[in-house]
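Participant: What would the 3D arrangement of this be:
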Amino acid sequence: MADSSFDAAHAVKFDLPNGSVRAGADARVALVPVEALAAIGKSNAADEVAKTIGAAVGKRAAARLGGGASVEAFANALGGELAVAGFGTLTVERWGKALVIAVAHSAVPDAMLATLVAAAIEAVSGRVASCVVLAHSGGSTRLLVASESGAAKVRAWMSDGAHWGDALARLNGGAA
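Facilitator: Numbers count the residues shown, from 1 in each chain. Predicted structure coming up:
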């Protein structure tokens, strides 16, 4: 099992003579104003950009984990990489069988964040994941991590007026 502490030392390397920034072992990254990300979030390219960023974040987290890891180690590695990349702070919540990820201080719009986190989880776990925006309050966005069928159910229940907590209870087999 991988250590659950995230060591940010050397997570980002600035090579000023060559005008480059690197994250992880070799991944070249660029510092981008949050306003540019917000503009991308309103464009047709938002999903593709979010998937690319999420996959890169997830690959760096996977490299830190090495192999199988506890949920705590997984959350710590993914949260650390997300924070180092400037996309916010991540915590994991369990709602019965449902996995909810809360991201505070996100640098991107909620829909783009959901795509980014799903791509990061796929890169870490090797399993297809879907994220549903459950709520945004107090500077934090809650995302359900589910299969596509589970995500579709929750989206449908919420579009029919169900509160996200009731939708999670229903997903868990409750009668909400």
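Participant: tell me how far stretch 18-25 is from the chain's mean position?
Facilitator: Offset of stretch 18-25 from its chain centre (Cα atoms, centre = their mean, to the nearest Å): 22 Å.
Participant: Buried ones in that stretch, by neighbour count?
Facilitator: 22-24 (16 or more other Cβ atoms under 10 Å). Every residue, glycine included, has its C-beta placed from N, CA and C.
Participant: go on, stretch 147-163?
Facilitator: In stretch 147-163, counting by 16+ other Cβ under 10 Å, buried: 150-151, 153-155, 157-158, 162.
Participant: And stretch 127-137, by the same measure?
Facilitator: Under 16+ other Cβ under 10 Å, the buried positions of stretch 127-137 are 129-135.
Participant: Which one of those residues is nearest to G86?
Facilitator: For these, the closest approach to G86 (Cβ to Cβ) belongs to C131, at 19.1 Å.
Participant: Give me the secondary structure label for the closest one.
Facilitator: strand (DSSP: H, G, I helix; E, B strand; the rest coil).
Participant: Distance of the residue sitting furthest away from the middle of the chain relative to A27?
Facilitator: Distance from the centre of the chain peaks at P17, with 32.3 Å (Cα atoms, centre = their mean). Noted for P17: a distance of 19 Å to A27, by Cβ to Cβ, to the nearest Å.
Participant: swap in G58?
Facilitator: 11 Å.
Participant: So those two - more neighbours on which side?
Facilitator: Taking other Cβ atoms under 10 Å, G58 and A27 do not tie; G58 has more neighbours (26 against 14).
Participant: Without its sequence neighbours, what residue ends up closest to that one?
Facilitator: A123 (2.7 Å; Cβ to Cβ, 6 or more residues apart in numbering).
Participant: I figured the one you found hits V57, correct?
Facilitator: Yes. Counting by Cβ atoms under 8 Å, V57 is a contact partner of A123 at 7.5 Å.
Participant: more neighbours, these two?
Facilitator: Shown here are A123 and V57; by other Cβ under 10 Å, V57 has more neighbours (30 against 20).
Participant: residues in contact with the helix or strand containing that one?
Facilitator: Taking DSSP states H and E as the criterion, V57 maps to helix 46-65. For helix 46-65, the surrounding residues in contact (Cβ atoms under 8 Å, 6 or more residues apart in numbering) are 2, 6, 23-25, 27, 29, 40, 73-74, 77-78, 80-82, 85, 87, 108-109, 111-113, 115-124.
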